[in-house]
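Asks: quick one: sequence and predicted model below, then my questions.
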Amino acid sequence: MVKLKKVVSIALSVIMSTVVLTGCTSSSDNKASDDGKGSVYYLNFKPESESQWKKIAEDYEKETGVNVKIVTAASGTYEQTLKSEVEKKDAPTLFQINGPVGYESWKEYCADLKDTELYSHLLNQDMAIKDGDGVYGIPYVEEGYGIIYNQAIMDKYFALDAAKAKSIDEINNFDKLKEVAEDMQSKKDELGIDGVFASTSLTPGEDWRWQTHLANLPIYYEYKDKDVKNLDEIDFTYSDNFKNIFDLYINNSTCEPTLLGSKTVSDSMAEFALGKAAMVQNGNWG
């Protein structure tokens, strides 16, 4: 069973004003310094990485003399915060776009980065966000996601005489995953779990694991297999694949499907961490 699917999740872009590229703007917090070194305002996407960004900013300022301001949007509010900030006189110098879809929303603000030193450091430049001959987003982190499993619980299942698989290596396709999951669900009391899969978080704002992560896979293979060039060519060819795995999660869960509308990602991860579930879909940050 594939545990993690590597994807580019975030790209870094530079705001471009309607007249010139803005390496800095002109407020008291984000203005060119008297010595002409300028300054940087970075709008951070992930609250959990704020301390690291502030340390980078501190070190960079010590080395270059360039003032760096780090502002972190609250969890789940980045797009809203960015929309507000770009309207201000002192808009962010650096901001983040969530891949090609994010670029479509923000391309009027993105500078061409193809001649930058940062772009030259990419080992795989195909991962950058490109439009024509231009490069408008540079990925700075690669994250993996997929189905994470509890090895101890799986080993307990594999040891059963009537187990549908004897090792994780045998679970290498959907049919085998379904067979194992449904069998484990029927034996959940024997395994000491509430369900095979941690709850599917469907509370508003908590459904990103399904709207983006899970949905990315059938869309990716449609792009690949049908040589899709434009979004309007997508017809969700592999919708059945999406539905099948989603149904598997819901029907072999720690809770009833009717309760999923109140579940959060934190609920799901807590269930997994406490050994109440054998599997959970999330990323390697989880």
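Replies: Received, thanks. Here the structure is a predicted model, which is why all the values come from computation and not from measurement.

Asks: every contact and neighbour count from this point should use C-alpha atoms.
Replies: OK.

Asks: which helix or strand contains Lys62?
Replies: helix 50-64 (DSSP states H and E).

Asks: pull the helix or strand that that helix is followed by out as PDB, backbone CA atoms only.
Replies: Note on helix 50-64: by DSSP H and E, the next helix or strand toward the C-terminus is strand 67-72. Extracted in PDB, the C-alpha atoms of strand 67-72 (Å, rounded to 0.1, in the frame of the first residue of the first chain):
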ATOM      1  CA  ASN A  67      14.600  44.500   7.600                       C
ATOM      2  CA  VAL A  68      12.200  41.500   7.300                       C
ATOM      3  CA  LYS A  69       8.600  41.600   8.700                       C
ATOM      4  CA  ILE A  70       6.900  38.200   9.200                       C
ATOM      5  CA  VAL A  71       3.100  38.300   9.500                       C
ATOM      6  CA  THR A  72       1.200  35.000   9.900                       C
END
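
Asks: what does strand 67-72 contact?
Replies: With contact meaning C-alpha atoms under 8 Å, 6 or more residues apart in numbering, strand 67-72 is reached by 29-30, 38-47, 50, 53-54, 57-58, 60-61.

Asks: pull out the buried residues from those.
Replies: The neighbour count (16 or more other C-alpha atoms under 10 Å) marks 30, 38-45, 50, 53-54, 57-58, 61 as buried among those.

Asks: please identify the one among those residues that lies nearest to Val228.
Replies: Using C-alpha to C-alpha, the shortest approach to Val228 within these belongs to Phe45, at 29.4 Å.

Asks: ok, that closest one touching Thr81?
Replies: No - contact criterion C-alpha atoms under 8 Å: Phe45 and Thr81 do not qualify, at 9.8 Å.
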